[in-house]
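K.L.:
I would like to see how this sequence folds:
(2 chains)
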Amino acid sequence: MELPKEYDYNAIEEKWMDTWQDSMYYFDQNSQKPGFIIDTPPPYPTGNFHIGNALNWCYIDFVARYKRMRGYNVMFPEGWDCHGLPTEVKVEELHGITKSQVSREEFRRLCVELTTKNIERMRNSLRRLGFSIDWSNEYITMEPEYFGKTQRSFVQMYANGRIYQQNHPVNWCPRCETAIAFAEVEYDSRETVLNYLNFDELKIATTRPELLAACVAVAVNPEDERYRDFVNTEIKVPVFGHKVRVIADKSVDPAFGTGVVMICTFGDKQDVRWWVDHGLPLRRALDKTGKMTAIAGKYAGMSTEECKKTIIEDMKIAGTLYRQEKLDQNVGLCWRCKTPIEILSERQWFVRIISDEILNTANEVAWVPDYMKVRLENWTGTMEWDWCISRQRIFATPIPAWYCTKCGRAKVAKEEWLPLDPTQVQPPEPCECGFSGFKGEEDVLDTWMDSSISALHVCGWLSNRNLLLPAQLRPQGYDIIRTWAFYTILRSKALLNIKPWETILLNGMVLGEDGHKMSKSRNNFVVPEEVIKKHGADAFRQWAAIGGTTGSDIIFSWKDVVAGSRFLQKLWSIFRFSLPHLSDEPAPFTPVDLWLLSKLNRLVKDAIEKMDAYQFDETFKAIRGFAWEILADNYIELAKSRLYGEGKGKKAAQYTLFITMETLTRLLAPFLPYFSEEVHSYLNQGSVHLQAWPEVDGSLINEEAEAMGEQIKEIAAAIRRYKSENGIALNAPLNGIELYSSITDASDIAGAANTEIRLKTGTPDIEVVPVEIRPNMKNLGKTYRSKARPIAEAFKDVDPVPAGSENIEIEVEGEVLTIDPSCFTVIKEMHVKGKAVDILAVGNATIVISR
RNA sequence: GGGCCCGUGGUCUAGUCGGCUAUGACGUCGCUCUUACACAGCGGAGAUCCGGAGUUCGAAUCUCCGCGGGCCCA
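P.N.:
Predicted coordinates for the structure are as follows:
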């Protein structure tokens, strides 16, 4: 059978993608094998699978395929986190409408339609990348089967007091017109203006004069001598004329501005703290769209910016504003639309955060890499408010609650009524007050409420099968530790009091080739489809494996992808050479065979250790190094003459090559699913992905065999180098080689050198001259400490010839020391005694080549 | 402003519970089409391991300070 010379990745990958059956990767509910459930991140169905996702999925797939081969019953589910603002925005854009122009149901229908289309596109990308996804465990959060669970989780947490409703200041995006959680606030530094105002008898400095109407107090530091007499007096707010109290609070910085600060409801988070601490009243100057309210008088209806501009002008004219200076400040922005957020007090639903519960659970989970846990701890430590889970949007899980139109009381649904949309259906029982008229809750849930039960869902929660929580693995990016990881732990504990997973595996961010975050504006954006088109999925997966250490950021690099495709070609060439020579018939091994098999078994052992520690780069590099350097560059070169000849070692080489190729194929399977399947199809029946991981044959790991093989390899390499340096063709015979060594079988060397080799014992007829004594600092330092360096220096002056390999007596700092041979190495050179030969020294062996 | 990670040949990178000649890839230079592979093989050049101080017989590796980069956050 003649294989094509070039590895046609495209044809082969497409072929296997069409051949493979989804059922190969189904999780078996009735299996006796140990389970391995992966809490795969459900991506947002934008329609395009991002390269960062692709990296993460590569990691997941390496683990899933490896664990399957190691005998686990693996579940690698695929979820889709459908709800959220980006889809709403996209739908408005596509149809040229705003959400208020159509009914809620119609708008929702359009969102579902778009999402369904996007999911279908992304499924294709996932398949093409060769991910062994269990499609029987796919979940889609916008479907009633899933969001019904989100709603039931809401009801359960309401029942156990973890969810409550309250009027509380929340972060508010005036553009999206919704509340958002702290986790969704981004910060950016901007330049703003600090305005100095005459405030009755005081002078204050503020960056937000437009909130003057919302001023509820003025604060000074209690230590500040300048203002001591004003504390607890009332002063008049300029422009609006209402009176506010002067309060003392030690968190006021006397050095900032005038040392007097106005407190508004609400300019920023600090205002909220003061507002709570001092029990201040609420003055609402902003509405939900970010426009000024009636209390802003003539400024009512203006946007904050218009109001700011106008009021500054007015105050300048009135002489209220007497000074302005520039100030750098950090502004909170909505992470989706980058609009500066406001803080509004509204009735919202909250989830109670219990920091200790999160921290304790985080400690029960293994973090890979471990330093990532600190990020969760730091975030948890900064939580000031509970998690606001209500959103004023449409495309999301409806909050299953109603308000009685008579008494206003909130009625939360019973679990058995779910799933439902309270704006579409009425509760089947009356309010506690006896009245039966209800208005459905129009607020919906934060999408993290959907995705934070993913672990529970895939583990069988609220399904008619066994609950298998905790899952074994949560793979995710470190950028969503404060959200997805945090919320998942919270919910798993709140609902079931079980940790969600045993291990969390963090992947880094993919950076563009310029070392910066990939973004369209930087023009460093690469999509997986482009890479696959140019070099195939197996090459892409190699970049993911070796691009960087697990958890660290990894720079996308075309070079690495190209190197990956070259390795595929190299492997293909190895296989193409090997195929006609393979035999599964055992035969007695030669030293070189034993050397290869020892290396191979060591590799398998190594790979298990590294894969178990999620060190994909190390694993793949070890396998690649074995295939390229040990197998291709050395073993094949050495065994070639046996394979082409008809001698007694032929069968052993064929058998060794068979074992090696077969094992190597299985080791490569998690990384190169397409390539390994192709090769496997020539060697065995069935899919390589249903095979077991290679066993380690400990009896074949043998130091002596390795040392012997290593020496043979070194000798062959030395002869090859000799030919290369002397301009002799590599296949040209030499006049003759004498080999002085402990080697008993030099047939492979002879074959590789294409020269007859005479084996000799003892010493050749040459002079061995010690030329240098080189210190062994490790031993020397341990023994002689501060004298180590002078001793090393003194070695230079010792005559190496009589020194031999015995103890050396040396005088250092007036003291005579006896240094034993473990502290130094005698370097020798060989000199010819009047013969026309060249001498090569390799370890203890000496090669004498007749010219 | 805080936290986390990082700074190693031209480029990217391994190594970091201290120890001899610092790993590999790409690039580069030279030789070679050797019955698997020129997308290759063989050989070479190329590194004050960011700077400074300290600990130590000995530091890329540990400690401190500084500079620079990235990310997450306030």
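K.L.:
can you give me the helices in the stretch 151-300 of chain A?
P.N.:
Ranges of helices in the stretch 151-300 of chain A, per DSSP state H, counting those that start in this stretch, are A:269-277.
K.L.:
what pLDDT does the residue of it found nearest RNA strand B get?
P.N.:
Nearest to RNA strand B in the stretch 151-300 of chain A, going by C-beta to the nearest atom of the strand, is residue A:187, at a distance of 4.0 Å. To be clear about C-beta, it is placed using only N, CA and C from the backbone, and glycine gets the same treatment. Reading off the confidence values, residue A:187 has pLDDT 73.
K.L.:
same check, this time on the one 4 residues further on
P.N.:
At residue A:191, the model reports a pLDDT of 75.
K.L.:
and for residue A:102?
P.N.:
93.
K.L.:
quick one: contacts for it?
P.N.:
By C-beta atoms under 8 Å, 6 or more residues apart in numbering, the residues touching residue A:102 are residue A:110.
K.L.:
can you count the residues close to the residue nearest to the residue of the stretch 151-300 of chain A closest to RNA strand B when sequence neighbours are not counted?
P.N.:
Nearest non-adjacent residue to residue A:187, counting by C-beta to C-beta, 6 or more residues apart in numbering: residue A:330, 4.8 Å away. The number of residues packed near residue A:330 is 11, by other C-beta atoms under 10 Å.
K.L.:
same deal with residue A:5?
P.N.:
Neighbours around residue A:5, by other C-beta under 10 Å: 9.
K.L.:
ok so, going back, identify the residues contacting the residue nearest to residue A:187.
P.N.:
By C-beta under 8 Å, 6+ apart, residue A:330 lies in contact with A:187, A:188, A:189, A:190.
K.L.:
now do 10 Å
P.N.:
By C-beta atoms under 10 Å, 6 or more residues apart in numbering, residue A:330 lies in contact with A:187, A:188, A:189, A:190, A:192, A:268.
K.L.:
so what's the second one up against?
P.N.:
The one in question is residue A:188. Each residue near residue A:188 by C-beta under 10 Å, 6+ apart is listed here: A:329, A:330, A:331, A:332, A:333, A:338, A:340.
K.L.:
the last one now?
P.N.:
Residue A:268 is in contact with A:207, A:208, A:211, A:329, A:330, A:331, A:332, A:341, A:342, A:343, counting by C-beta under 10 Å, 6+ apart.
K.L.:
all strands of the stretch 701-850 of chain A, in order?
P.N.:
Along the stretch 701-850 of chain A, counting by DSSP state E, counting those that start in this stretch, strands occupy A:736-740, A:757-760, A:766-775, A:808-812, A:815-819, A:824-832, A:837-842, A:845-850.
K.L.:
for residue A:417, find the nearest of the ones you listed.
P.N.:
Proximity to residue A:417 (C-beta to C-beta) singles out strand A:837-842 among the strands of the stretch 701-850 of chain A, at 81.8 Å.
K.L.:
and the closest one, what does it pack against?
P.N.:
Contacts defined by 3 or more C-beta pairs under 10 Å, 6 or more residues apart in numbering; DSSP states H and E place strand A:837-842 against helix A:703-725, strand A:736-740, strand A:766-775, strand A:824-832, strand A:845-850.
K.L.:
one more time with 7 Å
P.N.:
helix A:703-725, strand A:824-832, strand A:845-850 (3 or more C-beta pairs under 7 Å, 6 or more residues apart in numbering; DSSP states H and E).
K.L.:
in terms of mean pLDDT, which of those ranks lowest?
P.N.:
The weakest mean pLDDT among the helices and strands packed on strand A:837-842 belongs to strand A:824-832, with a mean of 68.
K.L.:
show me the two of the contacts of residue A:268 that sit farthest apart.
P.N.:
Farthest apart among those - using C-beta to C-beta - are A:211 and A:330, which lie 17.7 Å from each other.
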